[in-house]
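>>> Here's my sequence, what's the structure:
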Amino acid sequence: MRIMEKDDIPVLAEWYNSIEFQGEYFTNPQKSKVDWQRDFGTPSPVKVAMDEHEFIIEKKDGARIGHIGYGTCPLHGWVEVGFAIVPKERSKGYGTEAIQLIVDYLFLLKDTPRIMINTDARNKASIRAAEKAGFEREGVIRKGGFTWGQHADCCILGILREDW
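Okay, here's the model as predicted:
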């Protein structure tokens, strides 16, 4: 894992403009490379409010295979983590490993009481990766998301500092 840099923009634009990368449980508005470059490093009100940070997930050979990031809620101090892996590298343990690394980072270096992951309740692979990293299912938000033209339930998973 490493901090996301401006030269990652072309691959991010490729990933997020790919229906295959987004998969059946996530839809993201299409953005051009120019839009990514314009927005990179420019704090949006959401990024400032949530104190967001993004990392690239790489294999040992330097191949970029996904990203993981977190945002901190300024009011309560809890952190939400989100991640995505390229389709051909899914189900190989990279997501779990990245989650474990970011959990260790957040609990060792930040005053974080809890970390949560919010995913589509049908996304068994993401739920499994989070559970392997020590997260527990905490509940379902009915119709908490909107994916591919339909409302979908969201699964909330969390890990507390004292359970880490």
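>>> Okay, and the beta partners of G66?
Beta-bridge partners for G66, by DSSP bridges, are I57, I85.
>>> wouldn't Y94 be in contact with I85 here?
Yes. In terms of Cβ atoms under 8 Å, Y94 counts as a neighbour of I85; the distance is 5.5 Å. From N, CA and C alone the C-beta is placed, and that goes for glycine too.
>>> Which residues are in contact with each of these two?
Residues touching both Y94 and I85 (Cβ atoms under 8 Å, 6 or more residues apart in numbering): I57, I65, G66.
>>> which stretches of the protein form helices?
Remark: helices assigned in the chain by DSSP state H are 9-16, 19-22, 33-39, 45-50, 94-109, 124-132.
>>> averaging pLDDT over each of these, which comes out lowest?
For those, mean pLDDT drops lowest on helix 45-50, to a mean of 53.
>>> on that earlier part again, more neighbours, Y94 and I85?
I85 (24 against 21; other Cβ atoms under 10 Å).
>>> My understanding was that that one contacts G93; is that so?
No. Checked against Cβ under 8 Å, the pair I85 and G93 is beyond contact range at 9.9 Å.
>>> For L157, find the nearest of the helices of the chain.
helix 124-132 (4.6 Å; Cβ to Cβ).
>>> who's in contact with the closest one?
25, 83, 90-91, 95-96, 99, 117, 119-121, 137, 155, 157.
>>> tell me the angle that helix makes with helix 94-109.
Per axes from the mean of the first three to the mean of the last three Cα atoms, to 10 degrees, the angle that helix 124-132 makes with helix 94-109 is 40 degrees.
>>> Okay, buried residues for helix 124-132 please.
S126, I127, A129, A130, E131 (16 or more other Cβ atoms under 10 Å).
>>> What distance do you get for the second one to E162?
When Cβ to Cβ, to the nearest Å is the yardstick, I127 and E162 sit 22 Å from each other.
>>> ditto for A121
For A121 relative to E162 (Cβ to Cβ), the value is 26 Å.
>>> what about these two, which has more around it?
Each of A121 and E162 has its neighbours counted (other Cβ under 10 Å); A121 has more, 18 against 8.
>>> looking at it, that one is touching C154, isn't it?
Yes. With contact defined as Cβ under 8 Å, A121 counts as touching C154 (6.0 Å).
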